[in-house]
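Colleague: Any chance you could fold what I've pasted below:
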Amino acid sequence: MLEIIKYLVKLENVTLDDVIAIANTKSSKRGAFNEKIFLEKVLKNDQILLRHFINYYSHFYGSNKKT
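Modeller: The predicted model follows:
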């Protein structure tokens, strides 16, 4: 993996220190992988609303399936 990072650093014409500084800044703002939590996908607002709607009403109709 380090070889890939070294190649990308060279390709982007930055230093490894630049990459580490950016990673540290993002990590402090958004959190790190320390708790092994990661983003699987991003949903559009209408998908989120539909998912909440289905989850909410599934409680009334006895469905245990969550989306």
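
Colleague: Domains in this structure, by residue range?
Modeller: Annotated domains of the chain cover 1-36, 42-67 [automatic domain parsing].

Colleague: Count the residues that sit near residue 59.
Modeller: Residue 59 has 10 neighbours, counted by other Cβ atoms under 10 Å. Just so you know, the C-beta spots here come from the backbone N, C-alpha and C atoms, and that holds for glycine as well.

Colleague: what does residue 50 give?
Modeller: The tally of other residues near residue 50 (other Cβ under 10 Å) stands at 13.

Colleague: what's the answer for residue 34, then?
Modeller: 7.

Colleague: Check it and give its pLDDT.
Modeller: Listed pLDDT for residue 34 reads 73.

Colleague: hang on, the earlier thing: ok, of the domains of the chain, where does mean pLDDT dip lowest?
Modeller: domain 42-67 (a mean of 67).

Colleague: ok, which stretches of this structure are helices?
Modeller: For the chain, the helices defined by DSSP state H occupy 2-12, 16-30, 45-58.
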